[in-house]
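Colleague: Fold the following, please.
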Amino acid sequence: SSHSPVLPKPNSVAFNTVIDAYARLGRPDKARELLTEMRSFVPLPDACAFNGVIKAYANAGLPEKATEIVTQMTALGALPTEPTYLNVLRGWTRLRSMESALRAEELLEQYKSQLSITGSQVSLTQAYNTLINAFTAKKKKGKGCIDAKKADELLRKMTTGEDEAPPPSVVSFNTVIAGWGRERNAA
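Modeller: Got it, this is the predicted structure:
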């Protein structure tokens with residue numbers, strides 16, 4: 001008698017690998033479909049699966065969808081991690097507009113306490129650097145950067161510890177300097 005082989009059910013690692021591949025290929029909707037399908041095999045996908053989809057949307061310039069996935073993730077009871085928050089912030093930063101920089105700032109305020117719990121001081125500094133990057137990014141249209149003064153203000157908060165801001169890194173200073181350089185060259 002011929003027996004067909006019994007194939008093992010896919011596990012989290014298998015799903016996460018394919019979700020990551022879709023993220024790298026710039027196919028966020030495929031990554032999200034797989035996350036949905038994963039739930040019929042794995043009761044609660046882990047943070048890695050959600051982070052793969054979040055990263056895919058963030059890299060595709062669709063940060064609002066990345067932000068939606070964080071909401072879905074927490075509603076299902078999965079705990080966001082450092083990469084969860086950092087990828088969402090980077091997604092908003094990539095849009096290079098004042099609106100997206102302000103949205104990233106709003107989200108950082110929302111995520112700051114969680115980042116302090118889940119991450120390290122370094123990850124909080126990375127989050128602030130991502131925000132500084134949003135304000136020092138080259139404008140899509142015209143010359144100069146989005147808002148060098150706003151970036152400078154964030155750096156000042158980091159150097160003084162105001163609003164529980166983390167300490168700055170070399171990247172913090174260099175990014176602000178580069179922003180002012182863009183502003184100067186635009187004048």
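
Colleague: Flag every buried residue along the lengthiest helix in the chain.
Modeller: For the chain, the helix that runs over the most residues, judged by DSSP state H, is helix 98-118. When neighbours are counted by 16 or more other Cβ atoms under 10 Å, the buried residues of helix 98-118 are found to be 100-105, 107-108, 111-112, 114-115, 118. All C-beta spots, glycine's among them, are computed from the backbone N, C-alpha and C.

Colleague: quick one: which of the residues you listed is nearest T130?
Modeller: Closest approach between the buried residues of helix 98-118 and T130, by Cβ to Cβ: A104, at 7.1 Å.

Colleague: The nearest residue to the closest one once chain neighbours are set aside: helix or strand, and which one exactly?
Modeller: Excluding its sequence neighbours, the residue lying closest to A104 (Cβ to Cβ, 6 or more residues apart in numbering) is W92, at 3.8 Å. Assigned by DSSP states H and E, W92 falls within helix 82-93.

Colleague: Check the offset of that helix from the chain's centre.
Modeller: Computed by Cα atoms, centre = their mean, to the nearest Å, the separation of helix 82-93 from the middle of its chain amounts to 1 Å.

Colleague: Alpha carbons of it, in CSV - could you do that?
Modeller: Once non-C-alpha atoms are left out, helix 82-93 reads as follows in CSV (Å, rounded to 0.1, in the frame of the first residue of the first chain):
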residue,chain,number,x,y,z
GLU,A,82,12.3,47.2,21.1
PRO,A,83,12.2,46.4,17.4
THR,A,84,8.5,46.8,17.3
TYR,A,85,8.7,50.4,18.4
LEU,A,86,11.9,51.3,16.6
ASN,A,87,10.5,49.9,13.3
VAL,A,88,7.3,51.9,13.6
LEU,A,89,9.3,55.1,14.3
ARG,A,90,11.7,54.5,11.4
GLY,A,91,8.7,54.0,9.2
TRP,A,92,7.3,57.4,10.0
THR,A,93,10.8,58.9,9.6
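
Colleague: Can you name every helix or strand that the helix-or-strand element of the chain with minimal mean pLDDT contacts?
Modeller: Least confident helix or strand, the chain: helix 98-118 with a mean of 88, by mean pLDDT, DSSP states H and E. When contacts are defined as 3 or more Cβ pairs under 8 Å, 6 or more residues apart in numbering; DSSP states H and E, helix 98-118 sits against helix 63-76, helix 82-93, helix 121-136.
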